[in-house]
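1. okay, here's the prediction I keep looking at, along with the sequence it came from:
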Amino acid sequence: MIRSMTSFARKEVRGDWGTLTCEIRTVNHRYLEPSFRLPEAFRELENRFREALRKGVKRGKVDISMRLQAAEDTTQSFEISDEMARAVNEAANHINRMLDNPAHISALDILRWPGVLSVPEQDYGAARSEAVDLFAETVKELVEVRQREGERLRPLFDDRLDTMASLVGEVRQKMPQLIEAQEKQLRERFEKARVELDPDRIAQEMVMLAQKSDVAEELDRLDAHIGEVRDTLQTEEPIGRRLDFLMQELNREANTLSSKSIDAGVTRAAVDLKVLIEQMREQVQNIE
């Protein structure tokens with residue numbers, strides 16, 4: 001199955017505690033590289049999120065952002081340590097009695113002292129529980145989007161593979177006629193040079209010509225690789241790396257076919273093959 005590495009998913013959930021939003025963006029990358037931006041209250045969930053992500057996504061650079069917006073009716077409360085405030089006040093008065101010009105200490109001065117004023121930690125237990133489910137749902141949507149994006153590439157691969165198979169078949173069909181034409185040209189060159197036609201010499205030249213221009217193995221391997229690409233596209237596992245390897249193998253055979261070409265038509269077919277392979281290779285870079 002073809003899965004694109006470029007995708008985006010967004011989910012949101014609301015509760016008495018406020019609104020929680022999760023966004024996941026992915027782009028192509030050789031390995032799985034997640035990056036998290038979480039509310040401080042959810043930091044402890046990062047490892048759990050990593051495990052959940054790894055089950056659904058195998059490759060790609062992944063940016064995960066989770067935002068928590070507290071409910072508007074949530075009132076901010078403060079806690080004041082009376083004991084600490086009295087201690088600060090007594091200490092200030094004690095110092096003032098020793099000074100020639102004592103300074104007045106205000107209530108705000110006392111509140112600024114560490115430990116006097118504190119903000120009680122809000123209970124995000126319910127929100128954390130929702131965050132786990134929300135992240136799982138967002139990953140699920142991301143995977144579905146990656147699959148839909150990837151499946152849109154299937155016609156591109158199918159069309160190019162069909163064209164490549166057709167080109168290979170055309171070259172295979174014309175090779176006997178090309179070898180025969182080469183043998184005829186060789187005999188004509190001997191005749192023009194008025195060289196005595198030695199059957200053994202001609203046989204040796206033809207063997208050398210056949211070895212140099214024999215592309216049967218390259219054509220067979222091209223057919224095999226084309227078939228392997230088709231089979232790979234049907235598998236459920238991540239296929240990006242395998243497809244990338246197959247593109248390299250296809251390109252290698254197309255280059256060899258071009259170097260052995262004894263006909264402009266074969267050269268043109270080899271060039272067309274390389275263009276088609278490059279078009280597929282560009283798309284493969286974005287497949288998981």
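-> Arrived safely.
2. which stretches in the stretch 51-200 of the chain count as strands?
-> 60-70, 79-80, 117-118 (DSSP state E, counting those that start in this stretch).
3. how about the longest one as CSV, C-alpha atoms only?
-> Included here for strand 60-70 are C-alpha records, laid out as CSV according to Å, rounded to 0.1, in the frame of the first residue of the first chain:
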residue,chain,number,x,y,z
GLY,A,60,8.9,10.9,8.2
LYS,A,61,9.7,14.1,10.1
VAL,A,62,6.7,14.5,12.4
ASP,A,63,5.7,17.7,14.2
ILE,A,64,3.2,17.2,17.0
SER,A,65,1.6,20.3,18.6
MET,A,66,-1.0,20.1,21.4
ARG,A,67,-2.6,23.2,22.8
LEU,A,68,-4.8,23.5,25.9
GLN,A,69,-7.1,26.5,26.3
ALA,A,70,-8.6,26.8,29.8
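4. output the strands of the stretch 51-200 of the chain as CSV; include the columns mean pLDDT and distance to residue 43.
-> C-beta here means a position set from N, CA and C on the backbone, and glycine is covered the same way. Formatted as CSV, the strands of the stretch 51-200 of the chain follow (pLDDT from 0 to 100; distance: least, C-beta to C-beta, whole Å):
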stretch, mean pLDDT, distance to residue 43
strand 60-70, 92, 11
strand 79-80, 80, 23
strand 117-118, 72, 20
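5. tell me the pLDDT of the residue of the chain most remote from its centre.
-> Distance from the centre of the chain peaks at residue 100, with 72.9 Å (C-alpha atoms, centre = their mean). Looking at residue 100, its pLDDT is 79.
6. for it, what are its contacts?
-> By C-beta atoms under 8 Å, 6 or more residues apart in numbering, residue 100 lies in contact with nothing.
7. again, but for residue 110
-> 85, 88, 89, 92, 116.
8. before we move on, what about residue 58?
-> Residue 58 touches 32, 238, 288, counting by C-beta under 8 Å, 6+ apart.
9. am I right that the second one is in contact with residue 3?
-> Yes: contact between residue 238 and residue 3 holds when scored by C-beta atoms under 8 Å: they sit 7.0 Å apart.
10. now do the shared contacts for those two.
-> residue 288.
11. any idea how far residue 87 is from residue 135?
-> Look at residue 135 and residue 87: by C-beta to C-beta, to the nearest Å, they are 46 Å apart.
12. out of the two, which sits in the more crowded spot?
-> The neighbour comparison of residue 135 against residue 87 (other C-beta atoms under 10 Å) goes to residue 135, with 23 against 15.
13. surely that one meets residue 52?
-> Yes: contact criterion C-beta under 8 Å: residue 135 and residue 52 qualify, at 6.2 Å.
14. following the helix or strand of the chain with the lowest mean pLDDT, which helix or strand shows up next?
-> When the helices and strands of the chain are scored by mean pLDDT, DSSP states H and E, helix 199-213 comes last with a mean of 57. Sequence order places helix 216-234 as the next helix or strand after helix 199-213, per DSSP states H and E.
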